[in-house]
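# turn this into a structure:
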Amino acid sequence: MWIDRVQKFSGIGCILAIVFSFSACPKRLVGGYEVKNGKVIYNEGMKGLGTTHSFVVEGADASSFKVINRNYGKDNKHAYLRGKKIAQSHGATFELIDVPYAKDKNHVYYSNEILSKYPKDFKILFKTKLNKFETIYSTDGRVIFSGRREFLPGVVDVPTFEMIGKTGYFRDKNNVYKRNIIEDADPETFRVVSKHNETFARDKASVFYNGLKVENCDVNTHRILGKYHHRDEKQVFFGLTPLSDDPDNFKILSNSYSKDSKNVYWSKKTISEDSDNFVVFPSERQASYAKDSKNAFWGYRKIEDADVNTFIGLNHNYAKDKNQVYFSVNVVNPPKILEKADPETFALVKGEKRIDARDKNNNYNFGTIKKKKK
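Residues are numbered from 1 along each chain as shown. The predicted structure follows:
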């Protein structure tokens with residue numbers, strides 16, 4: 001009996017249809033189903049490489065068994081997922097919709113779970129993608145599903161439910177949604193802003209940030225300044241938080257630092273009142289070194305006892321002044337002092353394996369002294 005699947009074998013490049021009584025092919029078999037000695041076998045992993053676990057598919061009828069793909073199979077009675085029976089499935093009518101969705105004459109399944117008992121009315125609606133994670137929305141005509149979960153059952157008006165944008169905003173005739181109801185949002189005029197991954201949205205009366213209303217923000221004079229910063233005629237906001245009442249003099253200095261005519265900010269924290277003398281040193285990451293006329297900074301932290309006049313940030317890890325060399329990894333922790341480093345000769349190194357800095361005495365990699373080869 002022939003199985004309804006063609007397997008590819010690596011190593012000698014043969015392509016053969018699998019017969020349960022045929023064993024001449026090499027043992028390097030991609031995991032999946034096979035029929036052997038009148039039984040259905042499921043192989044996990046890959047044969048010949050020491051990573052295979054094979055077992056008999058309990059209850060499967062070898063004479064009617066069909067392979068759907070590597071994970072799914074069926075016989076005349078039941079469907080199987082990775083060698084295990086899908087409870088209450090009907091094999092003769094079982095079919096895949098869009099993995100992990102499948103259906104038979106009685107049910108819709110999400111993986112091996114019953115999702116709905118209305119297969120005739122089931123359909124995939126939308127696919128959203130945020131930060132590389134995809135979510136599939138579907139309906140059986142009675143409720144909306146987000147993946148395997150019902151999406152706000154009893155709240156959403158299914159016939160008028162639609163997606164706005166691409167990252168998970170929805171509306172019906174009554175509400176706007178992003179995970180939950182967006183309070184005070186007007187469904188008819190609600191629009192998402194495409195840039196910055198649709199973080200910002202507006203309707204006729206309000207501005208929204210990441211699905212939440214920005215209080216006291218004038219939609220008519222609203223402007224987006226960056227990923228987190230935005231403004232209206234009177235103030236600048238960081239996300240939902242009012243930041244500066246000097247919008248016309250506000251500048252974004254880096255991923256985290258910003259300033260107006262008086263204050264300097266890190267994220268939504270005020271860290272300095274010496275805006276005119278504030279300098280940010282180049283960094284490839286959110287955390288970076290900076291200084292004003294009185295203090296040196298690592299992120300929002302003041303670096304104690306730093307010599308401000310000679311302080312300089314070298315990159316997102318290293319900084320130095322006339323007295324010391326500093327090393328930092330993240331903004332949660334203050335910089336550590338490299339006790340043995342010579343600040344006068346300490347400099348970054350590029351293009352050398354496992355060495356990112358050097359002074360007259362030592363090589364360094366990620367803040368650690370590297371022993372010189374003898």
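
# per-domain residue ranges of the chain.
1-90, 253-374 (automatic domain parsing).

# can you give me the helices in the protein?
195-198 (DSSP state H).

# can you pull out the low-pLDDT segments for it?
1-30, 46-51, 372-374 (pLDDT under 70).

# could you find the closest non-adjacent residue to the residue most central in space within it?
Nearest residue to the geometric centre of the chain (Cα atoms, centre = their mean): N131, 3.4 Å. Closest residue to N131 apart from its sequence neighbours, by Cβ to Cβ, 6 or more residues apart in numbering: N197 at 7.9 Å. Quick note: C-beta positions are derived from backbone N, CA and C, even for glycine.

# same deal with K262?
Leaving aside its chain neighbours, K262 sits nearest to S275 (5.6 Å; criterion: Cβ to Cβ, 6+ apart).

# same deal with N175?
I181 (4.9 Å).

# ok, that neighbour touching L152?
Yes. The pair I181 / L152 is scored as a contact, 7.5 Å apart, by Cβ atoms under 8 Å.

# and D307, how many neighbours?
Applying other Cβ atoms under 10 Å, we find 14 residues neighbouring D307.

# ok, the nearest residue to it once chain neighbours are set aside - contacts?
Nearest residue to D307, sequence neighbours excluded (Cβ to Cβ, 6+ apart): D321, at 4.0 Å. With contact set as Cβ atoms under 8 Å, 6 or more residues apart in numbering, D321 has these partners: A296, A306, D307, V308, N309, T310, F311, I312, P343.

# ok, and the most crowded of those residues?
A296 (26 neighbours).

# returning to what we had before: for the residue nearest to N131, give its distance to P159.
29 Å (Cβ to Cβ, to the nearest Å).

# so the residue nearest to Y72 when sequence neighbours are not counted bridges to which residues?
Leaving aside its sequence neighbours, Y72 sits nearest to L81 (Cβ to Cβ, 6+ apart; 5.9 Å). Going by DSSP bridges, L81 is paired in beta bridges with Y72, K84.

# let me see the contact set for T128.
E134, T135, Y137, M163, K166, T167, G168.

# my guess is the fourth one contacts V176. True?
This means M163. No. The pair M163 / V176 is not scored as a contact, 11.3 Å apart, by Cβ under 8 Å.

# about what we covered before: the residue nearest to K262 against S261, yeah?
Yes. With contact defined as Cβ under 8 Å, S275 and S261 form a contacting pair (6.2 Å).

# more neighbours, the two?
Per other Cβ under 10 Å, whichever of S275 and S261 has more neighbours is S275, with 17 against 12.

# D246 versus that one, what's the distance?
10 Å.

# try E58
72 Å.

# more neighbours: these two, which one.
D246 (16 against 11).

# pretty sure the more buried one sits against S261.
Yes. Using Cβ under 8 Å, D246 is in contact with S261, at 5.4 Å.

# picking that back up, which of the contacts of D321 lies closest to K268?
A296 (21.2 Å; Cβ to Cβ).

# tell me how many other residues crowd D248.
Neighbours of D248 (other Cβ under 10 Å): 9.

# ok, it to F237 distance?
Using Cβ to Cβ, D248 is found at 15 Å from F237.

# who touches stretch 346-357?
By Cβ under 8 Å, 6+ apart, stretch 346-357 touches 314-315, 317-318, 320, 325, 358-359, 363-366, 370.

# can you do 7 Å?
Here stretch 346-357 makes contact (Cβ atoms under 7 Å, 6 or more residues apart in numbering) with L314, N315, Y318, K320, V325, R358, D359, N363, Y364, N365, F366, K370.

# please apply the same query to stretch 157-173.
For stretch 157-173, using Cβ under 7 Å, 6+ apart, the contacting residues are 126, 128-130, 135, 139, 141-144, 156, 174, 176-178, 187, 190, 192, 197-198, 201.
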